[in-house]
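> Output the structure for:
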Amino acid sequence: MEIEQLSTQHLNQLRQLCNEAGIKLTHQRLEIFRELMSVNDHPSAELIHKRLHKKHPTIAIDTIYRTLSTFDELGLVKKLYIMNERTLFDTNVTTHHHFICTHCKKVKDIYWSDFDNSTLPEMVDGMGKIESRHLEIHGVCNDCLHKSEE
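Model (predicted):
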């Protein structure tokens, strides 16, 4: 995806956030951002590195990690800390939740406004200030279920 093909809105958002944070928009950051915006999955830093390494063999995995951490701080991506898995990154920063397949490890987005707007149990209120809610549902996806039936 060329810079002209990258959504003008996304590119302007990246430029503005980097400028406000006093961060230079380097070629590497732009390439990582392009890769993130071109996919609909929830990639790990390692997967992003593998994808980018084909076109940019000098890009270091450490650069990927640091850039993703910066993007998380800027609100461009969300880190997903899936239990017993490596950290994944989500470019969908709207309120949503995740279904995680215990077989193939795919992560799919779930939108559930009833959960988002529900009153939390009193015991949760006593634990501290709630800043966000994120629900993970673990199970076997339909693709894996169909494969096991074959």
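> Could you pull out the strands in the chain for me?
Listed in chain order, the strands found in the chain under DSSP state E are 78-80, 88-90, 97-101, 107-110, 136-139.
> looking at the ones you listed, which is buried most?
The densest packing among the strands of the chain, expressed as mean neighbour count by mean count of other Cβ atoms under 10 Å, is seen in strand 88-90 with a mean of 21. (C-beta placed from N, C-alpha, C; glycine too.)
> contacting residues around the spatially most central residue of the chain?
Residue closest to the average C-alpha location in the chain (Cα atoms, centre = their mean): Asp90, at 1.3 Å. Contacts here follow Cβ atoms under 8 Å, 6 or more residues apart in numbering; on that basis Asp90 touches 42, 77-80.
> Now render the residues you listed as TSV, adding pLDDT.
TSV is the format used below for the contacts of Asp90 (pLDDT from 0 to 100):
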residue	pLDDT
His42	91
Val77	91
Lys78	90
Lys79	90
Leu80	88
